[in-house]
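K.L.:
Give me coordinates for this.
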Amino acid sequence: MTTVRLKYGVDIDRVMQDAQRKISAIKTELPIDAKESSIDKYDFAELPILNISATSDMPDLEFYDFVKNKIKPSIESVSGVAKVELFGGNEREIQVNINDDKLKSYNLSILQVTQTLIYSNLDFPTGKIKDDNRQISVRLNSKFQSISDIENVILKKLANGGVVKVKDVADIYDTQKEVTTINRADGINSIGISVRRQTDANAVSISKKVENILALLEDEHSNDNLKFNIALNDSDFTVEEVNSVS
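P.N.:
The predicted structure follows:
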């Protein structure tokens, strides 16, 4: 992520348009698996009002899934919350490692494998399809029961009546994403949770509601030693400012 600070009085919309044109001009030079770029403008009111670190005794992959699918939605449900982001932790990932020689022997391409898996509607976490030269990130959306569901996806029907399945040209691994961000609380690895409010929302009210949710979750999952550490609470500064005025 790149952050640009502008001088007061600059036409922000024009700067964003110029930046988007520059990015679009070099888009074809980016790697095939590069994520789509986005440009956003924000002011200090849009910075996180809460930075939280979560820890527990759950296995790493299970804990990340719990934070993503239980804690994050609980916080997002609070009125006035605009966005909740996660940092750090170990997230599950499905890897499809292509054997180039086998792929060529069936006259198939890595693009065909990618598109077939996506259109097959399998519900897997974000994963990677890789050969010796490239790596493509994909999200496969829908339902699945096991890795064999991917292995048995049909890629091609042969003239002799046979079929080519994913397992005929690739090895499938249920693993975890490469760790690119580490979040720590008091020196302990944790999952970071940042909370942003809507522009017209009350930071103090949101913070209190989120703190109540976290307290309930800690109580409900005390057997897993679930703990939350609030590293930043912007509403504390708001309360201090109000008290200093009064």
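
K.L.:
going forward, measure contacts between C-alpha atoms and count neighbours the same way
P.N.:
OK.

K.L.:
what does the model give Pro125 for pLDDT?
P.N.:
Confidence at Pro125, expressed as pLDDT, is 51.

K.L.:
Please identify the buried residues of the lengthiest helix in the chain?
P.N.:
As assigned by DSSP state H, the longest helix anywhere in the chain is helix 203-220. Neighbour counts using 16 or more other C-alpha atoms under 10 Å place 203-204, 206-207, 210, 213-214, 217-218 of helix 203-220 among the buried residues.

K.L.:
so where's this protein shaky on pLDDT?
P.N.:
Residue ranges of the chain with pLDDT under 70: 1, 42-45, 121-145, 236-246.

K.L.:
all strands of the protein, in order?
P.N.:
For the chain, strands defined by DSSP state E occupy the ranges 50-55, 81-87, 92-98, 124-130, 135-140, 154-157, 163-165, 170-176, 183-185, 188-197, 227-233.

K.L.:
Can I get the ones you listed in CSV including distance to Phe63 and mean neighbour count?
P.N.:
Listed next are the strands of the chain as CSV, based on distance: least, C-alpha to C-alpha, whole Å; neighbours: other C-alpha atoms under 10 Å:
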stretch, distance to Phe63, mean neighbour count
strand 50-55, 8, 22
strand 81-87, 12, 17
strand 92-98, 10, 21
strand 124-130, 15, 20
strand 135-140, 21, 18
strand 154-157, 33, 16
strand 163-165, 33, 16
strand 170-176, 13, 16
strand 183-185, 14, 17
strand 188-197, 9, 22
strand 227-233, 12, 16
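
K.L.:
Which among those is found nearest to Ser24?
P.N.:
strand 135-140 (20.4 Å; C-alpha to C-alpha).

K.L.:
sorry, back to before: just name whatever secondary elements the longest helix of the chain is in contact with.
P.N.:
If contacts are counted by 3 or more C-alpha pairs under 8 Å, 6 or more residues apart in numbering; DSSP states H and E, helix 203-220 sits against helix 72-76, strand 227-233, helix 234-245.

K.L.:
still on that earlier bit, closest to Arg5 out of the strands of the chain?
P.N.:
strand 188-197 (19.6 Å).

K.L.:
and the direction of the closest one versus that of strand 81-87, what angle?
P.N.:
160 degrees (axes from the mean of the first three to the mean of the last three C-alpha atoms, to 10 degrees).
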